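Student: have a look; sequence and predicted model below, questions after that.
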Amino acid sequence: MSSNLRRLYEDLRSVSVGVVYPPGEDRDVVVSQLQRIGCEIKLFWPFPPEPPVNMEVIFFQVSQELEGNTKWTVTATDATLIALSDYESPTTLKLLINTNAHGVIVRPFRSSGILSTLVLARSEKNFQLRQEKKICKLEGTIKSRRQIEKAIRIVAERRDLSDTEAYEHMRRQATKLRISVAEVAIMLIDATEAMEKTGL
């Protein structure tokens, strides 16, 4: 067994998995395979109004309880969501799409497909998290840039400087205070707004 594959199995053994599905042979197939993998399993039924907390992965039945329920979506929970679908129909597919689940298994459930679905779903979840971090970082950069541009205008107007000179002035202050230019910009904007509000 390669080191990557070994790490994969070791990771899965520590994963907490919730299974939201009615008792019976179908659920037993899923649970048995998850037990073979070594996951920590917790069973839930009847269908809860929102995803169980403290679960890293949740296998859930695609049922009518999902209709109009915005809490059962990948954006509303930190867990990896894997749908268990009894059959494929327009209604079922619509409910499934609304959840944006990271993976799906369709009846009849077989143990052979559960591990691969689990691995791919967790990979998709991790990719999603990385993308969200990149987006947040980009949004933060854009916001900082706008604040710096606003502060440059304030300094340029108050000190009768060019934009370049205003920026250099802010940069020198940032160096002196050992903070970023963006932090200096926020301080300038806050101070200016406070003075405007008080009529100073």
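Tutor: It's in. Residues are numbered from 1 along each chain as shown.

Student: what helix or strand is the spatially most central residue of the chain located in?
Tutor: Relative to the mean C-alpha position of the chain, the nearest C-alpha, by C-alpha atoms, centre = their mean, is the one of residue 129, at 4.7 Å. Residue 129 is part of helix 111-159, with elements assigned from DSSP states H and E.

Student: give me the helices and strands touching the following helix or strand past that helix, please.
Tutor: Reading on from helix 111-159 to the C-terminus, the next helix or strand found by DSSP H and E is helix 163-177. Under the contact definition 3 or more C-beta pairs under 8 Å, 6 or more residues apart in numbering; DSSP states H and E, helix 163-177 sits against helix 111-159, helix 181-198. Backbone N, C-alpha and C define where each C-beta goes, glycine included.

Student: residue 15 is nearest to which of these?
Tutor: Distances from residue 15 to each of those were compared by C-beta to C-beta, and the smallest falls on helix 111-159, at 7.8 Å.

Student: now the helices and strands packed on helix 163-177 as JSON lines including mean pLDDT and distance to residue 60?
Tutor: Listed next are these as JSON lines, based on pLDDT from 0 to 100; distance: least, C-beta to C-beta, whole Å:
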{"stretch": "helix 111-159", "mean pLDDT": "90", "distance to residue 60": "12"}
{"stretch": "helix 181-198", "mean pLDDT": "89", "distance to residue 60": "43"}
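
Student: could I get these as JSON lines with distance to residue 16?
Tutor: Written out in JSON lines, the entries for those read as follows (distance: least, C-beta to C-beta, whole Å):
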{"stretch": "helix 111-159", "distance to residue 16": "12"}
{"stretch": "helix 181-198", "distance to residue 16": "39"}
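
Student: give me the contacts around stretch 158-178.
Tutor: 148, 151, 152, 153, 155, 156, 180, 181, 183, 184, 185, 188 (C-beta atoms under 8 Å, 6 or more residues apart in numbering).
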